[in-house]
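Trainee: Make a model of this:
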Amino acid sequence: MHTLKEVIWGFIKENPELSKQVLVNLDDYWKNAMGEVIASVSYPDYLKDNKLVVIVKNAVWLSQLKLMKMDILEKLKRNDSITIDDIEFKIEKKKRRPDTSNKKQLEMRSNKIVIDPEIEDKINKSLEIIKDEEIKKLLKSIFVKSYYLK
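Mentor: Numbering: from 1, shown residues only. Have a look, this model is predicted:
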């Protein structure tokens, strides 16, 4: 039996056309290309179809980075480990306060999820085949939350 991590990396290795984009850590890439100052007020959200979407902390920096867009693109294109043809800047949205009318969601947010031991046992048994503890923990969290929000 293989871990999920091994399966994913196997897929990437078998599909080298994807690996160039997938293997780049966008956060490190952005920080190295832009420097500490710009990286402290912005971060890459995702890369799709060679378009990098960058989240910016406030409107002042959003305006500044939009003005610098062509220079930033030129700088990013110098590094051949990733292909970026366009860049879009978006302002960071503030997180909304939890909806206090939904008791289940409030309890879940405060990590007070209590589930039926029988259900938890079923979840644990279904995850026994996963070797990677980090992935197992993440999947368990997803299963518990999906059960709880039914």
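Trainee: Run through the protein and note the low-pLDDT ranges.
Mentor: 1-24, 80-81, 95-115, 145-150 (pLDDT under 70).
Trainee: if you set the cut-off to 80 instead, what comes out?
Mentor: Applying pLDDT under 80 to the chain flags residues 1-25, 79-82, 94-120, 122-123, 126, 139, 141-150.
Trainee: Specify the residue ranges that define each domain of it.
Mentor: Split into domains by automatic domain parsing, the chain comes to 4-91, 103-148.
Trainee: where's Ser63, which helix or strand?
Mentor: According to DSSP states H and E, Ser63 maps onto helix 59-67.
Trainee: for that helix, packing partners?
Mentor: strand 51-56, strand 86-91 (3 or more Cβ pairs under 8 Å, 6 or more residues apart in numbering; DSSP states H and E). Every residue, glycine included, has its C-beta placed from N, CA and C.
Trainee: If you count neighbours, what's buried in the first one?
Mentor: Looking back up the chat, that one is strand 51-56. By 16 or more other Cβ atoms under 10 Å, the buried positions in strand 51-56 come out as Leu52, Val54, Ile55, Val56.
Trainee: What is the longest helix of this structure by residue count?
Mentor: In the chain, taking DSSP state H as the definition, the longest helix is helix 133-148.
Trainee: Counting by contacts, list what it packs against.
Mentor: Helix 133-148 packs on helix 103-109, helix 117-126, going by 3+ Cβ pairs under 8 Å, 6+ apart.
Trainee: Swap in 10 Å and give it another go.
Mentor: Applying 3 or more Cβ pairs under 10 Å, 6 or more residues apart in numbering; DSSP states H and E, we find helix 133-148 packed against helix 4-14, helix 103-109, helix 117-126.
Trainee: picking that back up, show residues contacting the helix holding Ser63.
Mentor: Residues outside helix 59-67 that contact it (Cβ atoms under 10 Å, 6 or more residues apart in numbering) are 34, 37-38, 40-42, 54-56, 58, 71-72, 87-92.
Trainee: count of residues packed around Pro44?
Mentor: Using other Cβ atoms under 10 Å, Pro44 is surrounded by 22 other residues.
Trainee: so it touches Trp30, yeah?
Mentor: Yes - counting by Cβ atoms under 10 Å, Pro44 touches Trp30, with 4.6 Å between them.
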